[in-house]
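Visitor: can you look at this prediction? I've put the sequence above it.
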Amino acid sequence: MDTGSLMEQILSKENLNAAYLQVVRNKGAAGVDGMTVEELGPYLSENGENIREQLRTRKYKPQPVRRVEIPKPDGGIRNLGVPTVADRFVQQAVAQELTPIFEEQFHDHSYGFRPNRCAQQAVLKALEIMNDGHSWIVDIDLAKFFDTVDHDKLMTIIGRTIKDGDVISVVRKFLASGVMIDDEYEDTIVGTPQGGNISPLLANIMLNELDKELEARGLDFVRYADDLIIMVGSRQAAERVMKSVTRFIENKLGLKVNGEKSKVDQPKGIKYLGYGFYYDTFAKGYKARPHTKAVEKFKEQMKKLTCRSWGVSNTYKVKKLNQLIRGWINYFKIGSMKRLCRKLDKHIRFRMRMCIWKHWKTPKNREKNLIKLGLLRRGAHGISYAKGYARVSRSWNLHIGISKERLAKFGLVSMEDYYAERRVTC
């Protein structure tokens, strides 16, 4: 493909309109200039032609990204860089034209931030390789990948394919646009801001060099963005691969491997994209399921949504719970978790009974509502004056009054039923 006049394709009306619509769909926070997504349309109506001319003449200058620190579950910090809305628009326009060019080069075992690919496909491919006899895993953790990408190495790789100097110029400018941290400007001499529209593509371009090296060595692997696992047949082979691939990553790509988090293990000791793995003795093969940490995170989110002191209606709590349940099941639907869903369902119903019990407030009102739900007066009266939300919620009378069926009529989604509906067998 001729990439010598790529900038004109980027600046075509069709591509720019598509970029604008995508930025609006993505929403997102304002950058350093405070411009919101809602203000982008009027801004482009007035300044669109000027932006196009600046890009043609290499005079376009991106503004610094706004640093946002996001806590990680492990206690660390993830640095996000939020570009201005106008810069996101330009990045999106560039990414839309670069993506199909580089898609032809990307490895089939790369799944992150690519069209029509997802995390579940990566996990399924990993299972396929594990069950083909490659049951020793080299789990490589790249330390602060997005913050450590070498600009010169990345631009050299891009320059092998892209011959339009105007495009090369604007990509380098985005890499070197700088960052604002607490109103203080800092240069960005390495890294590609995690948060920019073009950053996922640039990450895949960089790490495709690693994919090609692994393929040349005949290694089976799966990569989702910077999450990489390599699968081999023995511990000895895994140890050798860990050492040699680490050398390649650090010496050839200029990236850093986190030695503390990287490890060699069998599938049962690995957490990949939120999934854990176990050996099914009946099926005689490895299967995936939500990792223990993913389950604990779900429980924490569920607990917040069913907090008795949260001053919202129970209808709203059920609405938010259903969103959490559906999202979680849809992500983990390729996992084996029927028993887990049944167990979580019971806990969710227990939490919702406590919320409803508190909402009824007084013993008199509780007794009245329980009788309406079909309890005999004697049973309703006795429990209505009982102490302790947890004890009452576990009682047989409340299970009868606020039954699984009644909670379903109230709108609460059953995890077990929704999983049965959405499950993908593998």
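Guide: Everything's here; your move.
Visitor: ok, now which ones touch V295?
Guide: When contacts are counted by CB atoms under 8 Å, 6 or more residues apart in numbering, V295 touches 340, 344. In short, each C-beta sits where N, CA and C put it, glycine included.
Visitor: in which helix or strand would I find it?
Guide: helix 292-305 (DSSP states H and E).
Visitor: quick check: next helix or strand after that helix?
Guide: Next element after helix 292-305 (DSSP H and E): helix 314-332.
Visitor: so which residues make contact with that next one?
Guide: Counting by CB under 8 Å, 6+ apart, 119-120, 274-275, 289-290, 294, 298, 301-302, 305-306, 310, 341, 348, 352, 355-356, 359, 410-413, 415, 418-419, 422 sit against helix 314-332.
Visitor: what do you get for stretch 119-137?
Guide: 109, 111-112, 220, 222-224, 229-235, 237-238, 264-267, 269-270, 272-275, 277, 285-288, 331, 333-334, 424, 426.
Visitor: re earlier: which members of the contacts of helix 314-332 occur in strands, if any?
Guide: 275, 289-290 (DSSP state E).
Visitor: angle of the helix holding V295 against helix 314-332?
Guide: With axes from the mean of the first three to the mean of the last three CA atoms, to 10 degrees as the basis, helix 292-305 and helix 314-332 are set at 170 degrees to each other.
Visitor: coming back round to it: which of the contacts of helix 314-332 count as buried?
Guide: The neighbour-count test (16 or more other CB atoms under 10 Å) marks 119-120, 274-275, 289-290, 294, 298, 302, 305-306, 341, 348, 352, 355-356, 412-413, 415, 418-419 as buried among these.
Visitor: can you pull out the strands in the stretch 51-200 of the chain?
Guide: 65-71, 77-82, 136-141, 179-181, 184-186 (DSSP state E, counting those that start in this stretch).
Visitor: number of residues surrounding the spatially closest residue to H151 that is not a sequence neighbour?
Guide: Nearest non-adjacent residue to H151, counting by CB to CB, 6 or more residues apart in numbering: L175, 5.0 Å away. For L175, the count of nearby residues is 23 (other CB atoms under 10 Å).
Visitor: next up, the contacts around L175.
Guide: 151, 154-155, 188, 191-192, 202.
Visitor: pLDDT below threshold where in the protein?
Guide: For the chain, applying pLDDT under 70 flags the ranges 1-4, 74-75, 425-426.
Visitor: could you chop it up by domain?
Guide: 6-267, 291-422 (automatic domain parsing).
Visitor: neighbours around E38, how many?
Guide: Residues within reach of E38, counting by other CB under 10 Å, total 10.
Visitor: could you measure from T156 over to L253?
Guide: As judged by CB to CB, to the nearest Å, T156 and L253 stand 11 Å apart.
Visitor: again with G388
Guide: Taken as CB to CB, the span from G388 to L253 is 59 Å.
Visitor: so for the two, which sits in the more crowded spot?
Guide: L253 (20 against 10).
Visitor: residues touching the more buried one, list them.
Guide: L253 neighbours (CB under 8 Å, 6+ apart): 150, 153, 206, 209-210.
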